[in-house]
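> sharing a model prediction with you, sequence too.
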2 protein chains.
Amino acid sequence: MADAAPGSLEQGLQTAKDGTWFTEVSSLWPGTGLALQVDEVMFKGRSDFQDVAVVKTKAFGTVLILDGAIQCTDRDEFSYQEMIAHLPACALPTAPKKALVVGGGDGGVLRELARHTSLEQIHIAEIDGMVIDVSKKYFPQMAVGYSDPRVKVHVCDGIKFVQDAEEGTYDLIVVDSSDPVGPAEVLFQKPFFDAMHRALKPGGIVCTQAESLWYHLEIIKSLAAMCAEVFQGGAVQYAFTTIPTYPSGQIGFMICTKAKGEGSPADAREPRQPAPGVPKGSSDYPPLRYYSQEVHKAAFVLPAFAKDALAGSLTY
Amino acid sequence: MADAAPGSLEQGLQTAKDGTWFTEVSSLWPGTGLALQVDEVMFKGRSDFQDVAVVKTKAFGTVLILDGAIQCTDRDEFSYQEMIAHLPACALPTAPKKALVVGGGDGGVLRELARHTSLEQIHIAEIDGMVIDVSKKYFPQMAVGYSDPRVKVHVCDGIKFVQDAEEGTYDLIVVDSSDPVGPAEVLFQKPFFDAMHRALKPGGIVCTQAESLWYHLEIIKSLAAMCAEVFQGGAVQYAFTTIPTYPSGQIGFMICTKAKGEGSPADAREPRQPAPGVPKGSSDYPPLRYYSQEVHKAAFVLPAFAKDALAGSLTY
């Protein structure tokens, strides 16, 4: 990761015969990039942490771009948000009461967690207030998550927030981070996973954004090995979802279950909670568009090349 | 599809600061396209049917491009070739003896079918001899399929070939076509499916390239409805595989099983044959890198939005 550097909107913008296109170039996926035709640059700013941009595209509606990397689009965000939230929430043997989101400033994961009526508290620790503000303005269908009364927003360093949490606080931690370059790099490192392990209840689950099997198998291997060390006696598993605007058309999740002290931990591949519906009094909520209990189980089935590569670290 | 037109290599080539990039633009995925950095254009020609190009890319090795659309790359072709061949071959209740490939001039499907030791005859009907020649020269690891003694090559119109076949000839027909624009358009239409249905043995299976759930849900819906009409009493099912260089990062397959006359047909979601190994005397064959029996089952599990959209036509 040392040779990777954050990008910018300008790096990817080019004018062609048929208008302006943004190509998502990055040292994390060298020699390849998704190109999207851009109708309008709606917002461009520089926060204390990163370049923040919002563009209107022909094919995917409004798109959030941080440091030159696509974070989410109107058209396909539901795949990522639903899967990163419901895979861990539905894998828990008892319905969760307390959840934490690290990152996730766009509000999409909050929206999905808010479907779980058992949750009493949903904390979010997002380092970049500009991402929250921009999302509330340009992505109302994701930022709707902020309007749930159980949500408590902390604009702060997620690592410090987790380190300061009381031991055994959360049933569930979702790490909705950008790529391991720039501000999110530390969210892929051991001190953060140690802190999350401590902050989880026994049997609790962490689900982190964990890149693409096709492009980042080596990063995923290292991450899995580190997680196996931290979650000893528990379980470390990997699932993925399809999503056209992430590099290679998919993104995966490292799903780590903390040991319970008695017997082996739950197998996150088996959904134990029903697929959630729409939260009370939120008739404008979209239905689930990606997640189902069948999709949950299938998401953990890895292509042969990936299963072989990760066999040493994953719990199966 | 009427407003779609075939493209060309030139349409997508652009020179940027860091060299030449090819962006795969098409009216089949307007406003979006995968960009690949190109080291060298190795071949460019015009056959009787289409533009044929081979380029060397930084990220995906050698790439075959027909009418401006990426057909296969060194690095990820195995996902497509293994899945389009083994999903139907392994779903058959009895080991297949006679198979036909329509299209598939690159030889990759032949390579995969050749793993099935039960097969006695493997026919291929490819309309474009230039694709075969170019593949033998630039893609030896796919074209290795041609060297199996059970393979018989017919350079001809696939539809006519299937119409001329005796009724009940094949256990298995794989349609490895390009997109439904240009020469492959007829391979998505009813007369061809009627002919395939006739050419199949009772209980036999057709597996056709069937686009992306994310980009082509309407095309897939029409195709499924037409297949349900043709394969009455049989089964019509849909599966997909992940592959970074196809639009949206995935591609699907329509899998149609011909009625057997007694009871309901086999459910193609259940593998009934073991994952094949390496054909006799072919020690240079790669191992399976994508397909497994677990992957087979998971490939039929569709995201909620797609399952809902196709519910009326698919057999489940």
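Noted; the coordinates are in hand.
> tell me who's in contact with the residue most central in space within chain A.
Per C-alpha atoms, centre = their mean, the C-alpha nearest to the average position across chain A is that of residue A:176, at 3.1 Å. Neighbour list for residue A:176: A:84, A:101, A:102, A:103, A:104, A:108, A:109, A:209 [criterion: C-beta atoms under 8 Å, 6 or more residues apart in numbering or on different chains]. Any C-beta I mention is one placed from the backbone N, CA and C, and that applies to glycine too.
> unless I'm mixing things up, residue A:55 is touching residue A:61, no?
No - with contacts counted by C-beta atoms under 8 Å, residue A:55 stays clear of residue A:61, the gap being 10.0 Å.
> and the residue nearest to residue A:284 when sequence neighbours are not counted, which of the three is it?
For residue A:284, ignoring the flanking residues on the chain, the nearest one in space by C-beta to C-beta, 6 or more residues apart in numbering or on different chains is residue A:144 at 7.4 Å. Classification of residue A:144 by DSSP: H, G, I helix; E, B strand; the rest coil places it in helix.
> residue A:79 now?
Applying three-state DSSP: residue A:79 is helix.
> and residue A:204, by the same measure?
Applying three-state DSSP: residue A:204 is strand.
> against residue B:273, how distant is it?
Per C-beta to C-beta, to the nearest Å, residue A:204 is found 42 Å from residue B:273.
> ok, now residue A:20?
Residue A:20 is 51 Å from residue B:273, by C-beta to C-beta.
> got it, and residue A:190?
On the measure of C-beta to C-beta, residue A:190 and residue B:273 end up 44 Å apart.
> looking at those two, which has the bigger crowd around it?
Counted by other C-beta atoms under 10 Å in any protein chain shown, residue A:190 and residue B:273 do not tie: residue B:273 has more neighbours, with 18 against 12.
> residues contacting that one?
B:89, B:90, B:91, B:92, B:95, B:116.
> go again using 10 Å as the cut-off
For residue B:273, the contacting residues are B:86, B:89-96, B:116, B:118, B:293, B:296, by C-beta atoms under 10 Å, 6 or more residues apart in numbering or on different chains.
> what's the mean pLDDT across stretch A:292-301?
The pLDDT scores in stretch A:292-301 average 98.
> which of the residues in that stretch are buried?
By 16 or more other C-beta atoms under 10 Å in any protein chain shown, the buried positions in stretch A:292-301 come out as A:292, A:294, A:295, A:296, A:297, A:298, A:299, A:300, A:301.
> ok, residue A:146 touching residue A:107?
Yes - here residue A:146 reaches residue A:107: they are 5.1 Å apart, a contact under C-beta atoms under 10 Å.
> not counting its neighbours along the chain, what's nearest the residue of the stretch 201-316 of chain A found nearest chain B?
The stretch 201-316 of chain A approaches chain B most closely through residue A:249 (1.1 Å), counting by C-beta to the nearest C-beta. The shortest distance from residue A:249 to any non-neighbouring residue, by C-beta to C-beta, 6+ apart, is to residue B:249 (1.1 Å).
> how about residue A:316?
Nearest to residue A:316 is residue A:237, by C-beta to C-beta, 6+ apart, at 7.3 Å.
> no further questions, thank you.
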